[in-house]
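A.B. asks: using only what follows, build the 3D model:
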Amino acid sequence: MKYDSFSLKIEGNEVYQYIKQGSFSLNLDANYDNTCSFTLVRTIEEEDFTLPQLGQDVEIEIIYTGVNIVKSLGIITRINKRKIEAGTGTDKKLEFEITCSSYNNSILSRRVVSEDKTYDEKFAGDIVKELLNEYLIPEGISSETDYIDNGIQLAEYDIYANTKTVAEILDDLASQSKYIWFIDFNKKLTFAQKPKGIVRYLKSINENDENGYPIMEAEIEESTDDYRNRQIVTGGLGDDGYIVQSVKEDTEEIDRMKNQTGGTGIWEAIESATDIDTQAKADTKAEFLLNKYGKMKTNITITTLYPVNPGGLMAVNLPSIGISGRYFVETVSISDFAPGELLYELKLTQKKVYEEEDLPIVLDTSDEFVDYFKNKFEKIENLTNQKVTEELKKIDNSIISVFIGEGGMVIVRRDGSQTSLSFTKDGENRITNITNNNNGKSIGIGWSE
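C.D. replies: The predicted model follows:
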């Protein structure tokens, strides 16, 4: 598929016409950690050509018919220069082999916070805005803060001079807030929640559908790494003095493997978790590991002449090699294929829906429930909706969002149902009672002095 336009600018100057055929490569990553490389060829005294310099901006934009636009932004991190023709005439040619990295891997990683900073009761987003103003705007990052959200409110946060880069601090603040951060194609800094849903591509890879992505080649790699269909979890001592143990299995998966490989079809794995002291917690851990590793790993490489950006779920149906399902497009590597055409190599994998942080916490008694809320929500009025949502998901993974007000909160679940809770507080603004307005039940919270 031929593109409508291809622009590659260095410090705003168009250099596309100097790109050596076969040298262009652009690697797009779902996390915006993009890289690119290309070679420019010019004569010694070419008009309208400024010698490239390390650290200069590189901007790439490829436009196809309709809304298919590929963009990338970064800086030059390496240049190899060579003279490729003998002699001293001005018509003799020079080559510049250039490598670029994204702003995430360059500017934010090279700026170190140079003074001590102490924050009390400060939102993570406010700290990010301060770092943006002091360290990033002078480096050319946009001053706009449209995509910088509050994040978690930190009771205390200290930055010691000359110990961390801006990138490392953003990593820490994003981790605590359960956020992501990156520099987009407009040089804007994003510090916000992870997308609630994953984009699904309209077109699919389907060997039986002429309207899908036209592919040139598909390569499938299947692996048994970490696979199990029977999970054993061995915990610590329970209240009865015996070792807590749980065994969970996927009978359908066992039958499938029995038909495929013969024998019993059982693939077992043992997990030791001495901190687990109840049967319920051991069962939850075993179910979590079985869900996470209970399918064979499948990685797919697709080559096509059709433009694709990474970061979404793509339906893949290749019955001739036994592949059918939705796969996450992690990276896209773009290279020049022919005049006016680019080759796109897609790396797809089965997206891990279950992550360690999503493992539910099992609370056994009403006392433990009170202690949990006392520990987690001592300053609930200062927590963001996102933080509370993440904490409550650990108790009940059917929860999708939480909205907090002065006097209570609303919990929304996957099935569309809502639970309304109201708070009773004491004179020190501490929550002493939580009431479920749906059924009238309540739980009291005691505070020791």
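A.B. asks: longest helix in this structure, by residue count?
C.D. replies: The longest helix of the chain (DSSP state H) is helix 279-293.
A.B. asks: what kind of secondary structure is the nearest residue to V128 once chain neighbours are set aside in?
C.D. replies: Nearest non-adjacent residue to V128, counting by CB to CB, 6 or more residues apart in numbering: F191, 4.8 Å away. The way it works is simple: take the backbone N, C-alpha and C, and place the C-beta from them, glycine included. Taking DSSP: H, G, I helix; E, B strand; the rest coil as the rule, one finds F191 in the strand state.
A.B. asks: quick check, W267 in contact with R228.
C.D. replies: Yes - counting by CB atoms under 8 Å, R228 is a contact partner of W267 at 5.1 Å.
A.B. asks: what about the residue nearest to V128, how many neighbours?
C.D. replies: F191 has 25 neighbours, counted by other CB atoms under 10 Å.
A.B. asks: and it, what is it in contact with?
C.D. replies: 124-125, 128, 147-149, 151, 170, 173-174, 179-181 (CB atoms under 8 Å, 6 or more residues apart in numbering).
A.B. asks: just the buried members of those residues?
C.D. replies: Among those, those classed as buried by 16 or more other CB atoms under 10 Å are 124-125, 128, 148-149, 151, 170, 173-174, 179-181.
A.B. asks: and the helix or strand harbouring E271, how far out from the chain middle?
C.D. replies: Assigned by DSSP states H and E, E271 belongs to strand 268-272. Distance of strand 268-272 from the chain centroid (CA atoms, centre = their mean, to the nearest Å) equals 28 Å.
A.B. asks: what average pLDDT does that strand get?
C.D. replies: Per-residue pLDDT over strand 268-272 has a mean of 92.
A.B. asks: quick one: contacts of it?
C.D. replies: The list of residues contacting strand 268-272 from outside it, by CB under 8 Å, 6+ apart, reads 226, 228, 230-234, 285-286, 289, 293.
A.B. asks: any low-confidence regions in the stretch 301-449 of the chain?
C.D. replies: 351-391, 393-394, 405-406, 415-416, 448-449 (pLDDT under 70).
A.B. asks: where along it do the strands fall?
C.D. replies: With DSSP state E, counting those that start in this stretch as the criterion, the stretch 301-449 of the chain has strands at 312-318, 323-338, 341-349, 399-404, 408-413, 418-425, 431-436, 442-444.
A.B. asks: so where do the helices sit in this protein?
C.D. replies: Going by DSSP H, the chain shows helices at 107-110, 124-131, 166-177, 251-261, 279-293, 366-376, 385-395.
A.B. asks: what would these look like in JSON lines with distance to I404?
C.D. replies: Formatted as JSON lines, those follow (distance: least, CB to CB, whole Å):
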{"stretch": "helix 107-110", "distance to I404": "32"}
{"stretch": "helix 124-131", "distance to I404": "17"}
{"stretch": "helix 166-177", "distance to I404": "15"}
{"stretch": "helix 251-261", "distance to I404": "40"}
{"stretch": "helix 279-293", "distance to I404": "26"}
{"stretch": "helix 366-376", "distance to I404": "13"}
{"stretch": "helix 385-395", "distance to I404": "6"}
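A.B. asks: ok, which of those helices comes nearest W447?
C.D. replies: With CB to CB as the measure, helix 366-376 is the member of those nearest W447 (7.4 Å).
A.B. asks: direction included, what does the strand holding E271 pair against?
C.D. replies: strand 230-237 (parallel) (DSSP bridges).
A.B. asks: distance between the partner strand and the chain's centre?
C.D. replies: On CA atoms, centre = their mean, the centre of strand 230-237 falls 30 Å from that of its chain.
A.B. asks: how about that strand: buried residues?
C.D. replies: For strand 230-237, burial by neighbour count (16+ other CB under 10 Å) applies to 230-235.
A.B. asks: report the two of these separated the most.
C.D. replies: The farthest-apart pair in the buried residues of strand 230-237, when distances are taken by CB to CB, is R230 and G235, at 17.1 Å.
A.B. asks: and for V15, the neighbour number?
C.D. replies: 21.
A.B. asks: and it, how far from I205?
C.D. replies: Distance check for V15 against I205: by CB to CB, to the nearest Å, it reads 34 Å.
A.B. asks: circling back to that earlier point, between the longest helix of the chain and strand 230-237, how big is the angle?
C.D. replies: Orientation of helix 279-293 against strand 230-237 (axes from the mean of the first three to the mean of the last three CA atoms, to 10 degrees) gives an angle of 150 degrees.
A.B. asks: picking that back up, can you name the residues bridging to the residue nearest to V128?
C.D. replies: Going by DSSP bridges, F191 is paired in beta bridges with I148, W181.
A.B. asks: swap in I10?
C.D. replies: Taking DSSP bridges as the rule, I10 bridges to N13, V58.
A.B. asks: what distance do you get for the closest residue to F38 other than its chain neighbours to E210?
C.D. replies: Spatial nearest neighbour of F38, chain neighbours left out: F24 (4.6 Å); criterion: CB to CB, 6+ apart. According to CB to CB, F24 and E210 sit 30 Å apart.
A.B. asks: which of the two has more neighbours?
C.D. replies: Ranked by neighbour count (other CB under 10 Å), F24 and E210 place F24 first, with 20 against 7.
A.B. asks: who are the contact partners of the more buried one?
C.D. replies: Counted by CB under 8 Å, 6+ apart, F24 has contacts 36-38, 334-336, 342.
A.B. asks: just read off the phi/psi values of it.
C.D. replies: Main-chain dihedrals, F24, degrees, to the nearest 10: phi -80, psi 130.
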